[in-house]
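Participant: for reference, the sequence and a predicted model appear below.
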Amino acid sequence: MRASFDLLFLAFSVLAQASAPSWGSVTWLRSQESAIVKLDTPGYPLWVMDKANAPMLYKDAEKFYFETDAPSAVLLNLTMSHDNKTLLINNKPVLPFTDYNVPPTIEAYQIPAEYTRSQVKGIIDMGLTKDWYWHDLTTAWRYLSLDYDLLVRADPYTGPYMSHYPVLRFRIMGLGAHSRSDVLDESKQQVLRVTLKDNNAGSSDDPKRSYSIMRIELVDFKNAYDSWTPKTEPEGNEKCSTSSWLCPDKGLYADASPPPYRFIWRSRFDEQGRIGSGRHALYHKIAVLGDIFTDAAPSMLLSFGILMSISVVILAIVGGVKIWKKRKENKIRDLADDDRLLGEEGEKYFDEDDEDEDDVPPPLPPRPSPKTEGVLIDLEAAEGA
């Protein structure tokens with residue numbers, strides 16, 4: 001009887017846990033490889049969609065989401081890459097970055113913070129967090145862009161390290177929804193802390209290195225960082241000019257050679273890196289020239305081909321008309337010659353262009369004329385006769 005009561009109590013406990021709100025939950029998909037984290041965003045409104053009138057495309061749906069006071073959260077998919085060398089957050093490489101000069105833009109779906117584990121599991125089963133195929137379409141869960149603080153201890157970028165355990169700290173600083181951007185109260189936010197394990201116990205720069213997710217934790221902001229690591233961004237760090245190649249963040253790390261950026265604000269970065277830096281200015285010009293060539297080259301070639309085709313047709317028509325006129329003129333002259341309308345018999349019309357100087361007979365010598373001498377005539381004798 002006692003055993004039956006314990007089993008019944010355990011069953012009710014499990015059901016209660018599944019139906020209770022999950023404040024900052026972690027749902028494992030594959031052990032040490034993939035998990036879904038529901039990270040709360042205190043102070044940020046929950047958006048509700050007008051399902052009756054919302055358009056199909058998300059880019060056109062800004063006016064069809066309405067702000068509410070309900071607590072909200074976002075879903076983060078933590079997954080190791082296929083080669084187990086890179087940790088991804090929502091399909092974007094974060095440990096290590098693909099290019100530390102160009103931090104990735106991370107986006108996430110918003111859900112109510114009160115969603116239970118079973119509701120989160122239902123969203124996972126729908127495939128919303130798997131390949132992010134739905135981000136261009138309007139859904140009940142608004143798709144948000146993140147401003148984030150990302151700090152890594154034992155980052156392979158600063159190595160090499162031997163048999164190391166990289167630790168990633170990820171905190172949301174702000175959220176963007178279409179044209180609107182909001183900055184969160186950092187003291188109220190939780191910090192996502194992910195610890196990786198080097199399975200091969202080798203060097204961090206080893207091409208055969210392999211990581212697994214050892215631990216995922218949600219930590220309060222005040223306890224998330226070491227005492228020697230600044231928690232917030234110092235003032236003036238937002239300044240940047242072309243005199244600096246990267247405009248790196250300053251005074252934010254204890255390591256001697258950290259990655260250049262830690263606080264990733266969307267307004268400071270684009271696909272060419274830190275806006276305002278010397279590197280960005282150079283790469284932006286290269287990109288603009290590349291776009292001009294890519295966009296203009298086909299049009300220029302097509303226009304050139306059309307103009308050349310028109311020119312060839314016009315030249316062919318003009319040349320054909322000239323040949324036709326010439327043949328017609330020659331035919332008229334030949335007919336006139338046959339009817340002796342031109343010159344004596346035997347003379348033939350020669351085209352000046354076709355006449356060969358070698359075939360022209362030499363001119364005839366002048367005809368001789370008899371010389372007449374003066375003769376005296378007797379007019380009287382002639383009259384008498």
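Facilitator: Great, that's in hand. Because the structure is predicted, anything quoted here is derived from the model rather than measured. Numbers count the residues shown, from 1 in each chain.

Participant: next, the buried residues of stretch 311-321.
Facilitator: Across stretch 311-321, burial judged by 16 or more other C-beta atoms under 10 Å covers no residue at all. In short, each C-beta sits where N, CA and C put it, glycine included.

Participant: and it, C-alpha only, in PDB?
Facilitator: Written as PDB, here are the backbone C-alpha positions of stretch 311-321 (Å, rounded to 0.1, in the frame of the first residue of the first chain):
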ATOM      1  CA  SER A 311      24.200  47.900 -86.000                       C
ATOM      2  CA  VAL A 312      24.800  44.700 -87.900                       C
ATOM      3  CA  VAL A 313      21.200  44.700 -89.200                       C
ATOM      4  CA  ILE A 314      21.500  48.400 -90.300                       C
ATOM      5  CA  LEU A 315      24.800  47.800 -92.100                       C
ATOM      6  CA  ALA A 316      23.400  44.700 -93.800                       C
ATOM      7  CA  ILE A 317      20.400  46.600 -95.000                       C
ATOM      8  CA  VAL A 318      22.500  49.600 -96.300                       C
ATOM      9  CA  GLY A 319      24.900  47.300 -98.000                       C
ATOM     10  CA  GLY A 320      22.100  45.300 -99.600                       C
ATOM     11  CA  VAL A 321      20.400  48.400-100.900                       C
END
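
Participant: right, and Tyr58 touches Trp141 too?
Facilitator: No: applying C-beta atoms under 8 Å as the test, Tyr58 and Trp141 come out as separate, 10.7 Å apart.

Participant: tell me, how many residues neighbour Asn84?
Facilitator: Other residues near Asn84 number 17, with proximity taken as other C-beta atoms under 10 Å.

Participant: ok, now Pro230?
Facilitator: For Pro230, the count of nearby residues is 15 (other C-beta under 10 Å).

Participant: confirm that it sits in a helix.
Facilitator: No: if the criterion is DSSP: H, G, I helix; E, B strand; the rest coil, then Pro230 is coil and not within a helix.

Participant: Asn237 versus that one, what's the distance?
Facilitator: Going from Pro230 to Asn237 by C-beta to C-beta, to the nearest Å gives 10 Å.

Participant: for Asn199, which non-adjacent residue is spatially closest?
Facilitator: Spatial nearest neighbour of Asn199, chain neighbours left out: Ser210 (4.4 Å); criterion: C-beta to C-beta, 6 or more residues apart in numbering.

Participant: what's near enough to touch that neighbour?
Facilitator: Asp83, Asn84, Lys85, Asp198, Asn199, Asn200 (C-beta atoms under 8 Å, 6 or more residues apart in numbering).

Participant: residues near the first one, how many?
Facilitator: The tally of other residues near Asp83 (other C-beta under 10 Å) stands at 11.

Participant: which residue packs closest to His135, ignoring adjacent ones?
Facilitator: The shortest distance from His135 to any non-neighbouring residue, by C-beta to C-beta, 6+ apart, is to Tyr143 (5.1 Å).

Participant: is it true that that neighbour touches Asn90?
Facilitator: No: taking C-beta under 8 Å as the definition, Tyr143 is not a contact partner of Asn90, at 10.5 Å.

Participant: quick check: neighbours shared by those two?
Facilitator: In contact with both Tyr143 and Asn90: Glu107, Ala108, using C-beta under 8 Å, 6+ apart.

Participant: and Tyr109, bridged to which residues?
Facilitator: Tyr143 (DSSP bridges).

Participant: give me the distance between it and Val313.
Facilitator: For Tyr109, the distance to Val313 - C-beta to C-beta - is 58 Å.

Participant: quick one: the helices in the stretch 51-200 of the chain?
Facilitator: Here the stretch 51-200 of the chain has its helices, by DSSP state H, counting those that start in this stretch, at 117-126.

Participant: any regions of it where pLDDT drops low?
Facilitator: 130-133 (pLDDT under 70).

Participant: before we move on, the earlier item: and the contacts of Ser210, which two are the farthest apart?
Facilitator: Farthest pair in these (C-beta to C-beta) is Asp83 and Asp198. Separation: 13.8 Å.

Participant: so Tyr65 sits against Lys51, correct?
Facilitator: No: counting by C-beta under 8 Å, Tyr65 stays clear of Lys51, with 10.9 Å between them.

Participant: of these two, who's got more company?
Facilitator: Tyr65 (22 against 10).

Participant: list the buried residues in stretch 156-175.
Facilitator: In terms of neighbour count (16+ other C-beta under 10 Å), stretch 156-175 has its buried residues at 156-158, 161, 164, 166-175.
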